[in-house]
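Undergrad: mind looking at a prediction? Sequence and model below.
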Amino acid sequence: MGNGTPVGNTIRRLRFERGEMTQQALADACGVTRQTVIALEAGRYAPSLELAFRIAHALGARIEDVFQWNVEP
Amino acid sequence: MPRHRAGFAGLAVVAAVATWLLLAGPDRVLGIDAGNAGVFLLMAVGWGSLYAISRIPDGGLGETMSPGEWRAWLGLAFTLVIAAYSLVHAPVFQGPPLWHNPDANRVGRNVVMLLVAWMILARVLDARWRRGVRQDERDREIEARGAGAARLALVVILVGYAVLLSFSPTERLDWAVPPLIGHLLIVALVVSCAFEYLVIGFGYWRDRR
């Protein structure tokens, strides 16, 4: 069984669109470790609602533009 | 980089010799207590590792592994050594009461020295991340899974002890003197901690695989 999560995200794309923000800069802005940002971008970790809002805020985007639910209804 | 690798390989060899001295070596080497020599060598390896790690520039160490994962693998290594050392030397606790048992005191002293070496190493390693975030919600989730696994391991071991002591014929329990039972309970705690660190380390490894 894989360890992926059904919560997809566009963090990597948005980082590059926001002036090539580094993973470390995003991690510092959100109060997490860089390894958590790596796990998020790789789709191996689903963040809490609070962290999802922090990330969206740090990227200057709406939460639904950053995270998607990748399961067919 | 090859110099780093050669250095770490050398430290690994010294660590292997130290572990052998602690677990399976002769009682005395060149007139020195082998257990004390093993602990001393392990501490030297710890300090050598710290020096080598301090020479690696920022980013060279924490590229893939988070502080929590470093702590978990370090904790697993030390708890496994302590558990193995305690089990190998468990028979000394069948001797006279602890305050009249120099062998048991020596084992206890070496375990305490290992614990101190572990604490110092963990503190210094932690200092590498003093500027950044050292723990977040993902770390707490992984640690919670590890704590649950440790609780389960401890329950299984204690139930095993209880069944062994309750259902074995009395003549087969000559070995089960109170100091040894106490020692084995401590070993159970150490093994449950090792299990916790294993589950935590595996959780981090799986996340970055």
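TA: Received the coordinates, thanks.

Undergrad: would you state the strands of the chain in chain order?
TA: With no chain named, the answer covers chain A. A:7-9, A:67-69 (DSSP state E).

Undergrad: my bad, the chain I had in mind was chain B
TA: B:28-29, B:32-33.

Undergrad: weakest of the ones you listed in terms of mean pLDDT?
TA: Ranked by mean pLDDT, these bottom out at strand B:28-29, with a mean of 68.

Undergrad: is chain B within reach of the longest helix seen in chain A?
TA: Using DSSP state H, we find that the single longest helix of chain A is helix A:49-59. Yes: using Cβ under 8 Å from any Cβ of the partner chain, helix A:49-59 reaches chain B at residue A:51. C-beta: built from backbone N, CA, C; applies to glycine.

Undergrad: residue 17 - how many residues pack around it?
TA: Answering for chain A, as no chain was given. For residue A:17, the count of nearby residues is 13 (other Cβ atoms under 10 Å in any protein chain shown).

Undergrad: I was thinking of chain B, sorry if that wasn't clear
TA: Residue B:17: 16 neighbours (other Cβ under 10 Å).

Undergrad: same question for residue A:22.
TA: 12.

Undergrad: how close does it get to residue A:16?
TA: 10 Å (Cβ to Cβ, to the nearest Å).

Undergrad: try residue B:9
TA: 39 Å.

Undergrad: same question, residue B:160
TA: In terms of Cβ to Cβ, residue B:160 sits 55 Å off from residue A:16.

Undergrad: quick one: contacts for the residue lying closest to residue B:157 once chain neighbours are set aside?
TA: Nearest non-adjacent residue to residue B:157, counting by Cβ to Cβ, 6 or more residues apart in numbering or on different chains: residue B:188, 4.4 Å away. Going by Cβ atoms under 8 Å, 6 or more residues apart in numbering or on different chains, residue B:188 touches B:154, B:157, B:158, B:161.

Undergrad: wait, what's in contact with the second one?
TA: What it means is residue B:157. B:188, B:191, B:192.

Undergrad: try the first one
TA: For residue B:154, the contacting residues are B:188, B:189, B:192, by Cβ under 8 Å, 6+ apart.

Undergrad: return the subset of the residues you listed lying in helices.
TA: Using DSSP H, the contacts of residue B:154 in helices are B:188, B:189, B:192.

Undergrad: give me the number of residues near the last one?
TA: Counted by other Cβ under 10 Å, the residues lying close to residue B:192 total 22.

Undergrad: quick one: it and residue B:146 touch, right?
TA: No: applying Cβ atoms under 8 Å, one finds residue B:192 not in contact with residue B:146, separated by 10.4 Å.

Undergrad: could you count how many residues lie near residue B:204?
TA: 24.

Undergrad: gap between it and residue B:137?
TA: From residue B:204 to residue B:137 the distance is 14 Å (Cβ to Cβ).

Undergrad: quick check: residues of chain B near chain A?
TA: Near chain A, when you scan chain B using Cβ under 8 Å from any Cβ, you find B:62, B:64-69, B:132-139, B:204, B:206-209.

Undergrad: buried subset of those?
TA: The neighbour-count test (16 or more other Cβ atoms under 10 Å in any protein chain shown) marks B:62, B:65, B:66, B:67, B:68, B:69, B:133, B:136, B:138, B:139, B:204, B:207 as buried among these.

Undergrad: I appreciate the help and will end here.
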